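Colleague: This is a predicted model, with the sequence first.
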Amino acid sequence: MTTIQKIKEIEDEMAKTQKNKATSYHLGQLKAKIAKLRRELISGPSGGGGGGAGIGFDVARTGIASVGFVGFPSVGKSTLMSKLTGTHSEASEIDFTTLTTVPGTVKVHGAPIQILDLPGIIEGANDGRGRGRQVIAVARTCHLIFIVLDVLKPLGDKKVIESELEGFGIRLNRRPPNITVRKKEKGGIAITNTVPLTNIDHDEIKAILSEYKLSNCDVAIREPGANADDLVDVIEGNRVYIPALYVLNKIDAISIEELDLLYKIPNSVPVSSKEWMNVDELIQKMWETLNLVRVYTKPRGLAPDYSQPVVLRRGKCTVEDFCSSIHKEIAKQMKYAIVWGASAKHARGQKVGLDHVLEDEDVVHISKK
Ligand SMILES: Nc1nc2c(ncn2[C@@H]2O[C@H](COP(=O)(O)OP(=O)(O)OP(=O)(O)O)[C@@H](O)[C@H]2O)c(=O)[nH]1
Ligand SMILES: [K+]
Ligand SMILES: [Mg+2]
């Protein structure tokens, strides 16, 4: 039996099993078994080793962040990418027009952002159908995923794409669950929770731990509504948490009334790539979701240079990161920095060191030794 068939068999068994007190141990075991099989798929020969992308599909990363386009064939990914970036990516009414990753760049508020147009995927993509696994492996390495949907059939497609990405260890618009599993030498299993356990019980937790041969460990659950999948995610550990925007394309083909309904999909932006409708809102949402930090340099005795921000990513935006992104020697030469803006304590500027965390639109002067 292939891995896919094994997964299918367990999924069928789970679908037949009613969830209740008597079955929760068994269901926990099955969940963990599926996760272990899926791991084989992710790290398998054409899966590209979890983080990396399939051969021929990854491209050199440029810019401060990359955005990957994922969607069914012919939803308009290449049309959108070409118009956004000015880089030509072949578009046509024929499915699977795009055969590999096509990179382009769009500059937003002075920040170069890499856009990756990808081949279309279909149901079963992460099981190796078509080039799906290579496509999803590239998506795994992006800072933001655009799930591009055709407005004429958005909901069904949305579900399929989400489950393909989920199956490959990608978690969309979520943060890692607040659960810790600490292994120890002896003492058996101790479960503590700071929130009520509404979607998982002790039997299920024990079944999952046993499936992973974790017989001595402390489990602490602090995530409201945590379930078996969350626990499995924490134990597996190779999950990636990526924001996603749902791009509802081809709105030129529907009525205003139909459009009103579509706005109810969270994190969605309706656009027409072909007619360039509402693409500005998409760019703005992209910018907000990427959550980048622009820092302006102020040379001694001169006004800040607002034309060329140094762009950093949230979580990697200390004064030291700022220095390194200009030149690797600068941090060593720095005596102190003066910061103006949201991260500074006072309006007249604050003297700070290398570990100071900067905010969007701060102004920084580096004083050298
Ligand atoms: N009406 C309408 N048609 C569009 C729009 N965007 C793209 N199309 C058309 O949809 C078809 C598919 O566009 P592509 O850009 O090739 O789609 P794709 O998602 O890149 O397709 P694959 O690379 O094959 O996966 C083309 O005929 C486009 O002209 C749009 O906003 N409105
Ligand atoms: K196409
Ligand atoms: Mg295309």
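Modeller: Ah, there it is. Numbering: from 1, shown residues only. Ligands and ions are numbered 1, 2, ... in the order given.
Colleague: Please tell me I have it right and I208 contacts H26.
Modeller: No - the pair I208 and H26 fails to qualify as a contact (C-beta atoms under 8 Å) at a distance of 11.4 Å. Every residue, glycine included, has its C-beta placed from N, CA and C.
Colleague: Neighbour count: the two, which is higher?
Modeller: Higher neighbour count among I208 and H26: I208, with 28 against 16, using other C-beta atoms under 10 Å.
Colleague: What helix or strand is the more buried one located in?
Modeller: helix 202-211 (DSSP states H and E).
Colleague: just the angle between the following helix or strand past that helix and helix 202-211, please?
Modeller: Note on helix 202-211: by DSSP H and E, the next helix or strand toward the C-terminus is strand 217-221. Orientation check (axes from the mean of the first three to the mean of the last three C-alpha atoms, to 10 degrees): strand 217-221 against helix 202-211 gives 140 degrees.
Colleague: Spell out which parts of the stretch 1-150 of the chain neighbour ligand 3.
Modeller: Taking C-beta under 5 Å from the ion as the contact definition, the stretch 1-150 of the chain meets ligand 3 at 77-78, 97-98.
Colleague: show me where pLDDT drops low in the protein?
Modeller: Applying pLDDT under 70 to the chain flags the ranges 44-56, 128-129.
Colleague: so where's the longest strand in it?
Modeller: strand 305-313 (DSSP state E).
Colleague: Report the next helix or strand after that one in sequence order.
Modeller: helix 319-326.
Colleague: one step back: let's have the residues of the stretch 1-150 of the chain next to ligand 3 in TSV, adding neighbour count.
Modeller: As requested, those are exported to TSV (neighbours: other C-beta atoms under 10 Å):
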residue	neighbour count
K77	30
S78	24
T97	16
T98	23
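Colleague: And G86, how far from K250?
Modeller: Separation of G86 from K250 (C-beta to C-beta, to the nearest Å): 21 Å.
Colleague: If you could redo that for D260, that was the one I meant.
Modeller: Taken as C-beta to C-beta, the span from D260 to K250 is 16 Å.
Colleague: Neighbour count: those two, which is higher?
Modeller: K250 (22 against 10).
Colleague: distance of the more buried one from P270?
Modeller: 9 Å.
Colleague: Equivalent analysis for D58, please.
Modeller: 31 Å.
Colleague: and what of T101?
Modeller: 26 Å.
Colleague: Same check on M14?
Modeller: 36 Å.
Colleague: Between those two, which has more neighbouring residues?
Modeller: P270 (24 against 16).
Colleague: quick one: contacts for the closest residue to P224 other than its chain neighbours?
Modeller: Using C-beta to C-beta, 6 or more residues apart in numbering and skipping residues adjacent in sequence, the residue nearest P224 is V195, 4.7 Å away. V195 makes contact with 221-226, according to C-beta atoms under 8 Å, 6 or more residues apart in numbering.
Colleague: Among the residues you listed, name the buried ones.
Modeller: Buried subset of the contacts of V195 (neighbour count, 16 or more other C-beta atoms under 10 Å): 221, 223, 226.
Colleague: from what I can see the second one touches N178, true?
Modeller: Yes - applying C-beta under 8 Å as the test, E223 and N178 come out as touching, 4.2 Å apart.
Colleague: Name the residues contacting each of these two.
Modeller: Contacts common to E223 and N178, judged by C-beta under 8 Å, 6+ apart, are absent.
Colleague: so the residue of the chain most remote from its centre, which of the three states?
Modeller: In terms of distance from the mean C-alpha position of the chain, G301 ranks first, at 41.8 Å (C-alpha atoms, centre = their mean). Put simply, G301 is coil when judged by DSSP: H, G, I helix; E, B strand; the rest coil.
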